[in-house]
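1. sequence? don't have it. structure:
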């Protein structure tokens, strides 16, 4: 059974940085496109970054482009989300997801982690 485990969340001041990690176990990591989304109480789920299987293609929405960077290390079965210039609006639970394709990551991820909380204070 494929499992995803996030870590790296926490409390940070506005303008600060955090790096989230997501370790994938129980499957062949290189077969999966990966993504991060976030969800705050009372708000809709929002994708913040995706990366394809090779790591050669990434996507960021307007809200995170230029501040967030997604990378993957196939040797460590890990995908990272480097978050810089954090703002209170970035406060949310962050989830790692995996899918066979980027489209799957967006629409029907096969696997999802339990999430890690990010809180940005003003």
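-> That came through, no problem. Note that the coordinates shown come from a computational prediction; the quantities given were computed from them, not determined experimentally.
2. quick one, helices of this structure?
-> 102-107 (DSSP state H).
3. What residues of the lowest-mean-pLDDT helix or strand in it count as buried?
-> Within the chain, no helix or strand scores below helix 102-107, which has a mean of 92 by mean pLDDT, DSSP states H and E. Of the residues in helix 102-107, 102, 104-106 count as buried by neighbour count, 16 or more other Cβ atoms under 10 Å. For every residue, glycine as well, the C-beta is placed using N, CA and C.
4. Mind giving me the packing neighbours of that helix?
-> If you count contacts as 3 or more Cβ pairs under 8 Å, 6 or more residues apart in numbering; DSSP states H and E, helix 102-107 packs onto strand 33-39, strand 46-51, strand 92-99.
5. Mind listing residues that contact it?
-> Outside helix 102-107, the residues that touch it by Cβ atoms under 8 Å, 6 or more residues apart in numbering are 33-35, 47, 50, 52, 57, 59, 97-99, 110.
6. Around the closest residue to residue 13 other than its chain neighbours, how many other residues sit close by?
-> Once flanking residues are discounted, residue 13 sits nearest to residue 121: 5.5 Å by Cβ to Cβ, 6 or more residues apart in numbering. Applying other Cβ atoms under 10 Å, we find 11 residues neighbouring residue 121.
7. Same check on residue 59?
-> Counted by other Cβ under 10 Å, the residues lying close to residue 59 total 17.
8. show me where this structure has strands.
-> 3-7, 10-13, 18-25, 33-39, 46-51, 58-59, 68-73, 78-83, 92-99, 111-112, 116-121 (DSSP state E).
9. Just put those strands in TSV and tack on mean pLDDT.
-> Below are the strands of the chain laid out as TSV (pLDDT from 0 to 100):
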stretch	mean pLDDT
strand 3-7	97
strand 10-13	98
strand 18-25	98
strand 33-39	98
strand 46-51	96
strand 58-59	96
strand 68-73	98
strand 78-83	98
strand 92-99	98
strand 111-112	96
strand 116-121	98
